[in-house]
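Chemist: Sharing a model that was predicted from the sequence below.
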Amino acid sequence: IDDHFNDKPLQGQRWLITAGPTVEPIDPVRYLANRSSGKMGFAIAEAAAKAGAEVVLVTGPVNLLASSAIKRIDVQTAQQMFEAVKSEFKSIDTFVACAAVSDYRPTEAAPQKLKKQSDNGLTIELMQNPDILKWAAEQNAAFCVGFAAETNNIEEYAEAKMTKKGINVICANDVSRKDIGFSSDNNEVSVYYKNNGAMQVERLGPALKTVIAQQLVSFLPGIK
Ligand code: CTP
Ligand code: CA
């Protein structure tokens, strides 16, 4: 694959990738987030850049470095990620939504640190965040790839998600497994896509996320 990428097969293409978690403030010191490390999204960004694509990487807070060839945009919240994606969504060939976008955010972030009150529990009201990938697919302008982290009924949910969001490909991974997925360096991905209306699946890994990313970046243009 390394040799194949030396031929820069993605030269002239612009890839937009989201990565990492989003972080939704509850008050100035507390937030709602998830366990995404960003490793899969960063690996895809690196692989696409190595293959010659111009890469824009919109990422939530992660402990990772991106090589200088990649245009990296750091965001915190889903709304900020959505704004960044919208502003970069020009002449995009492939959009890969690898971010674990928080489905909900606190309806209002308290301007001051919340104080503990009485002996009762606390209810935080949440509202839904925009679906960035669904918006991207609705633009009908890029080949759209989603990721689905599931704990059960993986194939069924992956197919339903593909249809619901109107996307071209969904890469499903089983986050109930401890050895792969979230924060691990390894992953195992089932890539679902349609060929003349018939569901197809390509299984990648188990392997390092960097290897899966290279395989995915080689595989996707062939089914576009
Ligand atoms: N996604 C997105 N914006 C959101 C939620 C999800 O762009 N607000 C993207 C993710 O980056 C991922 C894909 O949609 O590529 C699927 O995310 P997932 O959480 O599995 O799907 P949901 O539609 O949010 O369904 P659920 O969480 O209920 O399984
Ligand atoms: Ca979700």
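Modeler: Noted; the coordinates are in hand. Ligands and ions are numbered 1, 2, ... in the order given.
Chemist: Close to ligand 1: what parts of the chain are there?
Modeler: 18, 78, 97, 99, 101, 103, 129-133, 146-149, 161 (CB under 6 Å from any ligand atom). Where C-beta positions appear, they are placed from N, C-alpha and C, glycine not excepted.
Chemist: the helices in this structure, which residues?
Modeler: Counting by DSSP state H, the chain has these helices, from start to end: 2-6, 39-50, 78-88, 132-138, 154-165, 209-223.
Chemist: Quick check: the gap between the spatially most central residue of the chain and residue 69.
Modeler: Against the mean C-alpha coordinate of the chain, by CA atoms, centre = their mean, the closest residue is residue 98 at 1.3 Å. Look at residue 98 and residue 69: by CB to CB, to the nearest Å, they are 18 Å apart.
Chemist: Tell me how many other residues surround residue 155.
Modeler: 13 (other CB atoms under 10 Å).
Chemist: as a whole number, average confidence for stretch 10-24?
Modeler: For stretch 10-24, mean pLDDT is 98.
Chemist: Kindly format the C-alpha coordinates of that stretch as PDB.
Modeler: The C-alpha trace of stretch 10-24 is given here as PDB (Å, rounded to 0.1, in the frame of the first residue of the first chain):
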ATOM      1  CA  LEU A  10      -5.600  11.000  -4.800                       C
ATOM      2  CA  GLN A  11      -3.700  13.900  -6.300                       C
ATOM      3  CA  GLY A  12      -6.100  16.700  -7.100                       C
ATOM      4  CA  GLN A  13      -8.800  15.400  -4.700                       C
ATOM      5  CA  ARG A  14     -10.000  17.300  -1.600                       C
ATOM      6  CA  TRP A  15     -10.900  15.100   1.400                       C
ATOM      7  CA  LEU A  16     -12.700  16.400   4.500                       C
ATOM      8  CA  ILE A  17     -12.500  14.300   7.600                       C
ATOM      9  CA  THR A  18     -14.000  14.700  11.100                       C
ATOM     10  CA  ALA A  19     -12.400  13.100  14.100                       C
ATOM     11  CA  GLY A  20     -12.400  12.800  17.800                       C
ATOM     12  CA  PRO A  21     -15.200  13.500  20.300                       C
ATOM     13  CA  THR A  22     -17.100  16.600  20.700                       C
ATOM     14  CA  VAL A  23     -17.200  18.300  24.100                       C
ATOM     15  CA  GLU A  24     -20.500  20.000  25.200                       C
END
